[in-house]
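Undergrad: Structure for this input, please:
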Amino acid sequence: KYDRILLSRNPYVRFLSSYQDWLHRSTQKETDVPFSNFTELYESRNLTTVFSKTLMDHVDPVTKYCKFEELGGYKVLRVEEEALWFNEFVDHYNMTSTMKEYGGDRVFKSLMEKSSLVADFVPSIVGTQPYPSTLYKSKHNGDSSRKLRQYYTPKLAAKVTQLFMSDFIHFQYPLWDGNPLTFHFV
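TA: Numbering: from 1, shown residues only. Below you'll find the predicted structure:
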């Protein structure tokens with residue numbers, strides 16, 4: 001028997017990250033194709049011209065590709081909660097030496113201490129802040145989770161909610177109205 005694990009990411013963050021990645025790969029400028037236009041292009045599925053160099057599984061809902069309904073019995077690990085599960089995951093699957101080859105704590109490091117108190121993480125537990133951690137700053141890492149408020153409007157949040165509803169439902173992410181004060185990671 002094998003463990004079935006799905007890694008998920010908040011769909012609002014993931015879609016913004018897809019946009020940033022698309023800008024980088026297509027050599028487009030944000031001033032030429034703002035996030036709102038990207039959302040419209042994605043919705044129209046203008047794939048042959050606009051997304052020709054893009055792997056659509058990096059943009060489409062995760063539920064479109066993971067066959068979760070056929071497989072069943074899976075565990076969802078949310079990227080936003082990585083500080084809670086990463087070390088145990090690496091240990092459980094005997095990946096410690098592999099991670100050391102990739103730079104160990106340079107890849108990901110939880111900043112939670114064993115002596116920490118639950119009270120220290122209330123904003124993370126309720127989802128208003130990410131859990132404290134450090135992530136390797138590669139060219140691919142656009143820090144999308146910290147940029148949501150500058151890209152999303154209520155109208156764009158509603159559109160992304162509609163486009164990625166299956167991910168919100170199956171991975172139990174909270175819906176968002178686009179108000180910067182009401183966003184929750186989980």
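
Undergrad: in the protein, which spans are helices?
TA: Per DSSP state H, the chain carries helices over the ranges 11-26, 35-44, 68-71, 82-92, 96-101, 122-125, 148-151, 154-163, 165-170.

Undergrad: List the buried residues of stretch 89-99.
TA: By neighbour count on 16 or more other C-beta atoms under 10 Å, the buried set for stretch 89-99 is V90, M99. For the C-beta atoms, the positions are set from N, CA and C on the backbone; glycine is no exception.

Undergrad: Other residues contacting the worst-scoring helix or strand of the chain on mean pLDDT?
TA: Every helix and strand of the chain was ranked by mean pLDDT, DSSP states H and E. The lowest is helix 68-71, at a mean of 70. Helix 68-71 is contacted from outside by R4, L6, Y74, H170, using C-beta atoms under 8 Å, 6 or more residues apart in numbering.

Undergrad: what's the closest non-adjacent residue to E43?
TA: Spatial nearest neighbour of E43, chain neighbours left out: L163 (6.4 Å); criterion: C-beta to C-beta, 6 or more residues apart in numbering.

Undergrad: mind listing what that neighbour touches?
TA: Contacts of L163 (C-beta under 8 Å, 6+ apart): F15, T39, Y42, E43, P61.
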